[in-house]
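Novice: Here is a sequence with its predicted model. Questions after.
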Amino acid sequence: MNDKPTHDLLRLTQRKLLRHLLAHPQGATIEDLCKALNISHNAVRQHLTALIARSYVRSGESIPSGGRPRAVYMLDRAGRELFPRNYALIAQGMLEHLYANGGPIAVQDALSTLGARLGQQAAASLTTAHDADEATRLLAEQLDALGYEAEVIGLDDGHTEVQAWNCVFHTLARQHPDVCQFDLAFMRAATGREVHRNHCMLHGQPSCRFRLGARKTHHD
């Protein structure tokens, strides 16, 4: 897998084009982009075709020009997501505020509540699993989609576990281990089962590993 962000792999001109559209949320015409990028109409059209194919740019409503309406192009949602956001810094600041004002218990409660709420949104596709192995497979797919680089591994004892190679909160968790409460709460709510963490990157293992237990009852 290439480690460079997709935005870095785009051509320089395409990055400039996306940045121009980011700064002009109302959209831009081909003529606008020609002036901003100092390239020809044909070159702008070629770049737009490539970016539209990747769902980074979309066509907006055409604008009247006294003759033939001019097409307007806008940044699409996927294109906006290419631009970096320092969520980790914001999350760390929020955690430090919670630690300072509520202490570790407040942090654990907040993370558990958030994890459970998001897990409940994912539960529809997981709680229908017939057994723990199927639930493990479906959970791995959910975590992989969230960026955990997760997979199912089979063990010598016949059980399966979710192995996650990329903790999305790893930097935060190294400073604030309570962050792991989010992962556990998410998995428990998503699967409706107890979750046991058997390996953790914070303890020196190369990955985090989780085993699903019995289905939780309404009394849990």
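Specialist: Nice, thanks for sending it over. Not measured: the values here are computed from a predicted model.

Novice: Show me the chain divided up by domain.
Specialist: 6-80, 87-215 (automatic domain parsing).

Novice: Could you give the separation of the shortest one from the chain centroid?
Specialist: Going back to what we said before, that points to domain 6-80. Computed by C-alpha atoms, centre = their mean, to the nearest Å, the chain-centroid distance of domain 6-80 equals 25 Å.

Novice: List the residues that contact Ala140.
Specialist: Ala140 sits next to Ala150, Glu151, Val152, Val162, Gln163 when contact means C-beta atoms under 8 Å, 6 or more residues apart in numbering. Where C-beta positions appear, they are placed from N, C-alpha and C, glycine not excepted.

Novice: before we move on, back to that, any chance of CSV for the domains of the chain, columns mean pLDDT?
Specialist: Listed next are these as CSV, based on pLDDT from 0 to 100:
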stretch, mean pLDDT
domain 6-80, 87
domain 87-215, 87
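
Novice: Pick the one among the contacts of Ala140 closest to Leu12.
Specialist: Of all those, Ala150 has the smallest distance to Leu12: 34.2 Å, by C-beta to C-beta.

Novice: which parts of the helix or strand where Leu48 lies are buried?
Specialist: Per DSSP states H and E, Leu48 falls inside helix 41-53. With burial defined by 16 or more other C-beta atoms under 10 Å, the residues of helix 41-53 counted as buried are Val44, His47, Leu48, Leu51.

Novice: got it, and stretch 23-37?
Specialist: His24, Gly27, Ala28, Thr29, Ile30, Asp32, Leu33, Cys34, Ala36, Leu37.

Novice: list the contacts for the closest residue to the fourth one other than its chain neighbours?
Specialist: Just to be clear, that refers to Thr29. Excluding its sequence neighbours, the residue lying closest to Thr29 (C-beta to C-beta, 6 or more residues apart in numbering) is Arg70, at 4.7 Å. Going by C-beta under 8 Å, 6+ apart, Arg70 touches Thr29, Ile30, Glu31, Ser62, Ile63.

Novice: quick one, what contacts the first one?
Specialist: Put plainly, it is Thr29. Applying C-beta under 8 Å, 6+ apart, the residues contacting Thr29 are Ile63, Arg70, Ala71, Val72, Tyr73.

Novice: Mind doing that once more with 7 Å?
Specialist: Thr29 makes contact with Arg70, Ala71, Val72, according to C-beta atoms under 7 Å, 6 or more residues apart in numbering.

Novice: Go through the buried residues of stretch 23-37 and say which is closest to Gln181.
Specialist: For the buried residues of stretch 23-37, the closest approach to Gln181 (C-beta to C-beta) belongs to His24, at 42.0 Å.

Novice: Backbone dihedrals for the closest one, please?
Specialist: When read as degrees, to the nearest 10, the backbone of His24 gives phi -130, psi 80.

Novice: Pro69 versus Ala91, what's the distance?
Specialist: In this view, Ala91 and Pro69 are 45 Å apart by C-beta to C-beta, to the nearest Å.
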